[in-house]
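Student: sharing a model that was predicted from the sequence below.
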Amino acid sequence: MKRYENMDAFWMPFTPNRAFKASPRIIERTEGVFCYTDDGREILDATAGLWCVNAGHVRPEIAEAIGRQALELDYTSPFGFGHDIGFEFAERLIQHTPGDLNRVFFANSGSEAVESALKIALAYQASRGKSGKYKLIGREMAYHGVNFGGISVGGLTPNRKGFGPLLPVDHLPHTLDLERNAFSRGLPEHGLEKADALEALIRFHDAATIAAVIVEPVSGAGGVILPPAGYLKRLREICDRHDILLIFDEVITGWGRLGSPFAAVEFDVVPDMIVSAKGITNGIVPLGAVFVADPIHDCILDNAPEGAVEFYHGYTYSANPVACAAGLATLDIYEGESLLTRAGGDIGRYWEDALHSLRDIEQVVDVRNYGLIGAVQFSDAAGSGKPVGGAFQAGCYNNGVMIRAMGNIIAFSPPLTIEKAHIDRLVGAIRMTASELF
């Protein structure tokens, strides 16, 4: 009897439950860059799980660190109590953050880290006597998790509809421009002016009412949408000019995905906060973090009464000792194997060339890439108006590769340990699937 014979109890997230349970895809074990199914098939994991297993699957160093920690200090309350491994992990993390982002607020996921960053922004504005600055600005086609703050600033309609009313927010236009930027290698050349839409939103709402702007440096779940050259710097300049905080959601782009520890480092733009999760523990134990600039942290603490709780926010599992142990072991791997910069080297260039070789498929309308992230976008080849991504994802799985699908877009974010032969296998599976579907 298969272990999943009765699947009724598990209500699966972001999954068409009835369709899945009628034809389940069960992963039994993982190793390196591969997943293995219950029927013995080897599947190349071209998405690093959910953009998170950056160092590859089943790293003994992480498993052993988790086991040791669970046998020594498994849990203690983070409210009014501390533990050495939490302080150690925070200190290790900020060795990789840019500028003055030297304070770490721990959460349990990217969604919670986004929520925490938004609340920190509001607390900061209130602490300096500007509580009227409470509005938030996100961006179209953005994903910032699934909590109410995250879906408010997020720009993916299916995640928002049915859950209103939401927070008082507005949205920048997305930066996807196939007409001018299709088949760009790296950052697209055109679209810097899209950042100036922020000026228009500020004029409409008044800077005195806006607390923060939050963007993904590269939109992941929206379809790997890259910022035009100079775009993020322009946002930084506008926010500085109008006394508005800038938050980078780097849940996906953090920890080596683009060839640097963070997109903020790669693109030389220092925000006021960075949101992190996923790769921070190699996806093995849930943990999120907000990296906060010193002046924001200091303002909130200095303006609170002596002895009082300065920030009424936190989680039962903030800086969970076992999660911190997983994170420290993950950092050891990243640093020891130079994985935080590997995507910016030869393997990243091979990745770029391999993905762009797919542009000769008739139905491909765009290929985009940076570091070890990429996407291929298709036209509606059959003229049905139905997105092809779901069928393509299923086809690639049947051909031995796990990818992500968003509408007519398929996306990839493999483990940073991927080798050239694995990339060749991915490209081959895409070609095979395209020939089967089209």
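Tutor: All right, it came through fine. This is a predicted model, so every value here is computed, not measured. Residues are numbered from 1 along each chain as shown.
Student: residues in contact with residue 195?
Tutor: Neighbouring residues of residue 195 by CB atoms under 8 Å, 6 or more residues apart in numbering: 172, 230-232, 234-235, 238. No exception for glycine: its C-beta is placed from N, CA and C like everyone else's.
Student: pretty sure it is in a strand, no?
Tutor: No - counting by DSSP: H, G, I helix; E, B strand; the rest coil, residue 195 falls outside a strand, being helix.
Student: where does the nearest residue in space to it that is not next to it in sequence fall, secondary structure wise?
Tutor: In this structure, residue 195 finds its nearest non-sequential neighbour in residue 234, 3.7 Å apart by CB to CB, 6 or more residues apart in numbering. For residue 234, the host element (DSSP states H and E) is helix 231-241.
Student: after that helix, which helix or strand is next?
Tutor: Once the chain leaves helix 231-241, the next helix or strand it forms, by DSSP H and E, is strand 245-249.
Student: each with direction, which strands does that following strand pair with?
Tutor: strand 210-215 (parallel), strand 273-276 (parallel) (DSSP bridges).
Student: as a markdown table, those strands with distance to residue 101 and mean neighbour count would be great.
Tutor: Listed next are the strands paired with strand 245-249 as a markdown table, based on distance: least, CB to CB, whole Å; neighbours: other CB atoms under 10 Å:
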| stretch | distance to residue 101 | mean neighbour count |
| --- | --- | --- |
| strand 210-215 | 15 | 26 |
| strand 273-276 | 6 | 29 |
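Student: can I get those in a markdown table with mean pLDDT and distance to residue 226?
Tutor: As requested, the strands paired with strand 245-249 are exported to a markdown table (pLDDT from 0 to 100; distance: least, CB to CB, whole Å):
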| stretch | mean pLDDT | distance to residue 226 |
| --- | --- | --- |
| strand 210-215 | 98 | 12 |
| strand 273-276 | 98 | 18 |
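Student: now for the one helix or strand residue 396 maps to, which elements pack on it?
Tutor: Residue 396 belongs to helix 389-398 when assigned by DSSP H and E. Counting contacts by 3 or more CB pairs under 8 Å, 6 or more residues apart in numbering; DSSP states H and E, helix 389-398 packs against strand 404-406, strand 409-412, helix 420-437.
Student: wait, which of these is closest to residue 83?
Tutor: Between residue 83 and the helices and strands packed on helix 389-398, the tightest spacing by CB to CB is seen for strand 404-406, at 36.2 Å.
Student: sheet partners, orientation included, of that closest one?
Tutor: Here, using DSSP bridges, strand 404-406 pairs with strand 409-412 (antiparallel).
Student: contacting residues around the residue nearest the centre of the chain?
Tutor: For the chain, residue 252 is the residue whose C-alpha lies nearest the centre (CA atoms, centre = their mean; 2.3 Å). With contact taken as CB under 8 Å, 6+ apart, residue 252 is in contact with 51, 216, 218, 220, 278, 373, 413.
Student: tell me the contacts of the last one?
Tutor: When the contact criterion is CB under 8 Å, 6+ apart, the partners of residue 413 are 46-48, 51, 220, 252, 257, 372-374, 404.
Student: ok, the residues you listed vs residue 271, which is closest?
Tutor: Checking these one by one against residue 271 (CB to CB), the nearest turns out to be residue 252, at 15.2 Å.
Student: ok, residue 177 touching residue 193?
Tutor: No - assessed by CB atoms under 8 Å, residue 177 is found out of contact with residue 193, at 10.5 Å.
Student: which of those two has more neighbours?
Tutor: It is residue 177, of residue 177 and residue 193, that has more neighbours when counted by other CB atoms under 10 Å, with 17 against 10.
Student: hmm, residue 396 and residue 388 touching each other?
Tutor: No - at 11.8 Å, residue 388 does not count as touching residue 396 under the criterion of CB under 8 Å.
Student: surely residue 377 is within a strand?
Tutor: Yes - counting by three-state DSSP, residue 377 falls inside a strand.
Student: how much space between it and residue 359?
Tutor: According to CB to CB, to the nearest Å, residue 377 and residue 359 sit 11 Å apart.
Student: which residues does the residue nearest to residue 99 when sequence neighbours are not counted contact?
Tutor: Nearest residue to residue 99 in three dimensions, chain neighbours excluded: residue 270, at 3.7 Å (CB to CB, 6+ apart). By CB under 8 Å, 6+ apart, the contact set of residue 270 is 98-101, 236, 264.
Student: derive a PyMOL selection command for the buried subset of these.
Tutor: Buried members of these, defined by 16 or more other CB atoms under 10 Å, are picked up in PyMOL with:
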select buried, resi 98+100+101+236+264
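Student: what's the closest non-adjacent residue to residue 124?
Tutor: Leaving out its chain neighbours, the residue that sits closest to residue 124 by CB to CB, 6+ apart is residue 296, at 4.9 Å.
Student: picking up where we left off before, and the contacts of the helix holding residue 234?
Tutor: The contact list for helix 231-241 (CB under 8 Å, 6+ apart) reads 175, 191-192, 194-196, 198-199, 202, 213, 215, 217, 244-246, 263, 267-271.
Student: show the buried residues in the residues you listed.
Tutor: With burial judged by 16+ other CB under 10 Å, the buried subset of those is 175, 191-192, 194-195, 198, 202, 213, 215, 217, 244-246, 263, 267, 269-271.
Student: residue ranges with poor pLDDT in the protein?
Tutor: Scanning the chain with the threshold set as pLDDT under 70 gives 1-4, 381-384.
Student: what about the closest residue in space to residue 208 that isn't next to it in sequence, how many neighbours?
Tutor: Closest residue to residue 208 apart from its sequence neighbours, by CB to CB, 6+ apart: residue 132 at 5.9 Å. A count of nearby residues for residue 132, using other CB under 10 Å, gives 13.
Student: these two touch, right, residue 132 and residue 211?
Tutor: No - the pair residue 132 and residue 211 fails to qualify as a contact (CB under 8 Å) at a distance of 9.4 Å.
Student: buried residues in stretch 400-416, which are they?
Tutor: Residues of stretch 400-416 classed as buried: 400-406, 408-416 (neighbour count, 16+ other CB under 10 Å).
Student: scan the contacts of residue 195 and report the most crowded one.
Tutor: Neighbour counts for these peak at residue 235, which has 27 neighbours (criterion: other CB under 10 Å).
Student: helices of the stretch 201-350 of the chain, start to end?
Tutor: 231-241, 263-266, 294-302, 321-336, 339-342, 346-356 (DSSP state H, counting those that start in this stretch).
Student: which one of those is the most hemmed in?
Tutor: The highest average neighbour count among the helices of the stretch 201-350 of the chain, using mean count of other CB atoms under 10 Å, belongs to helix 263-266 at a mean of 24.
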